[in-house]
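J.: Build me a model from this:
(one chain, ligands or ions: 1)
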Amino acid sequence: MKVAIYTYSSPESLRIKELIIQGLKQYRIQYDEQTPDIVISIGGDGTLLSAFSKYQDQLDTIRFVGIHTGHLGFYTDWRKFEVNDLVASLRNGTGQSISYPLLDMTAKFSDGQVLHKIALNESTIKNITKTMVCDVYINHELFERFRGDGLCVSTPTGSTAYNKAVGGAVMDPHIIGFQLAEMASLNNRVFRTLGSPTIFGSENVLTLRLADESSVVLTCDRDKWVLDSPSHHLVELTFKVSDKKIRFAKYRHTNFWQRVRESFIGDL
Ligand code: NAP
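T.: Numbers count the residues shown, from 1 in each chain. The predicted structure follows:
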């Protein structure tokens, strides 16, 4: 087994990283950042998003483990004082994992360029200077013309992140699908959208075609692109369930609904 550690350079994170490396040496587990079997992220959910982005091309062979240095996260099961237990679990583990669906995003630009990414949380498209106007196609058929601040397309595990903040539903992560949530849509006698978050199944394709060439900000998890060049404007976004999944090593895995309660409701 080969293990990599992904973290930022805060003194606390580096201290935990060093403890894990000592434990790996003790059990003769190889440290390898290039082609690991296990990636341990130390930080918060945001850090795990960055680790996911770094190892996005190796999802078939990698399992992730999240250690949180602050509060319990959605992708981080281990607390920083449990490092010894974690290293022992690595040594004794049987390769079990739990997997969750991801979102496949393809962006097409006016100059013919294509950007393809996989999101763990979500992809958003926003116009920050004026009303965004875009046509929404479901399975290649026009469904509605959206006018508003923007749109958020999230995975089931990402449903507790930005999606929730813009009024989307929290989704059980075992549902294979994705969700579209509106950001401040214009709804009146002239302009109309469905106006509610919409959940799509695994066979559905969602296409967003921008109606004009104005500048927009496109995001995919922590990645952001400010698209304001007239010669390279965004024309179309396509979303579907990715054929890849994220796998978490199942040495321990906190129940999803327990996390939702702990994160958003607290003690009863
Ligand atoms: P970030 O600092 O990495 O994340 C912002 C907050 O979202 C952090 O508190 C993070 O938790 C939390 N978070 C991340 N994934 C989550 C999940 N699946 N469920 C619940 N909470 C989650 O910010 P960033 O670098 O700008 O963007 C990363 C993510 O931030 C995006 O994927 C988006 O979901 C989220 N975001 C949210 C809003 C909003 O709620 N209005 C706005 C922009 C972006 P940790 O503290 O554990 O890292």
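J.: Tell me the residues of the stretch 151-268 of the chain that contact the ligand?
T.: Proximity of the stretch 151-268 of the chain to the ligand (Cβ under 6 Å from any ligand atom) is limited to residues 157-158, 160-162, 165, 221-222. (C-beta placed from N, C-alpha, C; glycine too.)
J.: Which of those fall within helices?
T.: Judged by DSSP state H, helices contain the following of those: 162, 165.
J.: Among the residues of the stretch 151-268 of the chain next to the ligand, name the buried ones.
T.: 157-158, 160-162, 221 (16 or more other Cβ atoms under 10 Å).
J.: Pipe these into JSON lines and attach pLDDT per row.
T.: Output for these, formatted as JSON lines (pLDDT from 0 to 100):
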{"residue": "157", "pLDDT": "97"}
{"residue": "158", "pLDDT": "98"}
{"residue": "160", "pLDDT": "98"}
{"residue": "161", "pLDDT": "98"}
{"residue": "162", "pLDDT": "98"}
{"residue": "221", "pLDDT": "98"}
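J.: Relative to residue 69, which of the residues you listed is nearest.
T.: Ranked by distance to residue 69 (Cβ to Cβ), those are led by residue 161 at 18.6 Å.
J.: related to what we said a few turns ago, widest-spaced pair of the buried ones among the residues of the stretch 151-268 of the chain next to the ligand?
T.: Farthest pair in these (Cβ to Cβ) is 160 and 221. Separation: 13.8 Å.
J.: Got phi/psi on residue 133?
T.: Main-chain dihedrals, residue 133, degrees, to the nearest 10: phi -120, psi 120.
J.: Show me what it bridges to in the sheet.
T.: According to DSSP bridges, the partner residues bridging residue 133 are residue 147.
J.: how near is it to residue 180?
T.: Residue 133 sits 16 Å away from residue 180, going by Cβ to Cβ, to the nearest Å.
J.: Compare the two (neighbour count), which wins?
T.: Using other Cβ atoms under 10 Å, the more surrounded residue of residue 133 and residue 180 is residue 180, with 24 against 17.
J.: Which residue is the nearest non-sequential neighbour of the more buried one?
T.: Distances taken as Cβ to Cβ, 6 or more residues apart in numbering place residue 198 nearest to residue 180, at 4.8 Å, with adjacent residues excluded.
J.: Make sure the one you found is actually in contact with residue 178.
T.: No: taking contacts as Cβ atoms under 8 Å, residue 198 lies outside contact range of residue 178: 9.6 Å.
J.: got a list of what the residue nearest to residue 180 touches?
T.: By Cβ atoms under 8 Å, 6 or more residues apart in numbering, the contact set of residue 198 is 179-181.
J.: Please apply the same query to residue 180.
T.: Counting by Cβ under 8 Å, 6+ apart, residue 180 touches 136, 151-153, 197-198, 200, 206.
J.: Quick one: which of the residues you listed is the most crowded by neighbours?
T.: When neighbours are counted by other Cβ under 10 Å, residue 152 leads the contacts of residue 180 with 28 neighbours.
J.: List the contacts of the helix or strand containing that residue.
T.: Using DSSP states H and E, residue 152 sits within strand 141-154. By Cβ under 8 Å, 6+ apart, the residues outside strand 141-154 that reach it are 103, 105, 119, 121-127, 131-137, 161-163, 166, 168, 178-186, 191-194, 206, 208, 211, 216, 239.
J.: Mind naming the longest strand for this protein?
T.: Using DSSP state E to define each element, the chain has its longest strand at strand 234-249.
J.: Please name every helix or strand in contact with that strand.
T.: In terms of contacts (3 or more Cβ pairs under 8 Å, 6 or more residues apart in numbering; DSSP states H and E), strand 234-249 is packed against strand 63-68, strand 97-109, strand 122-126, strand 177-185, strand 206-210, strand 216-220.
J.: Now do it, average pLDDT.
T.: Strand 234-249 comes out with an average pLDDT of 97.
J.: With only the CA atoms kept, save stretch 225-244 in CSV.
T.: Output of stretch 225-244 as CSV, limited to C-alpha atoms (Å, rounded to 0.1, in the frame of the first residue of the first chain):
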residue,chain,number,x,y,z
TRP,A,225,-12.7,31.0,-14.2
VAL,A,226,-13.6,34.6,-14.9
LEU,A,227,-14.7,34.6,-18.5
ASP,A,228,-14.8,38.1,-19.7
SER,A,229,-12.9,37.9,-23.0
PRO,A,230,-15.1,38.6,-26.1
SER,A,231,-12.9,36.2,-28.1
HIS,A,232,-13.3,33.4,-25.6
HIS,A,233,-16.8,33.6,-24.2
LEU,A,234,-18.7,30.7,-22.7
VAL,A,235,-21.3,29.3,-25.0
GLU,A,236,-22.6,26.1,-23.5
LEU,A,237,-22.3,23.9,-20.3
THR,A,238,-23.3,20.3,-20.2
PHE,A,239,-23.8,18.3,-17.0
LYS,A,240,-24.4,14.7,-16.3
VAL,A,241,-23.5,12.1,-13.7
SER,A,242,-19.8,11.2,-14.1
ASP,A,243,-18.8,7.7,-14.9
LYS,A,244,-16.2,8.1,-12.1
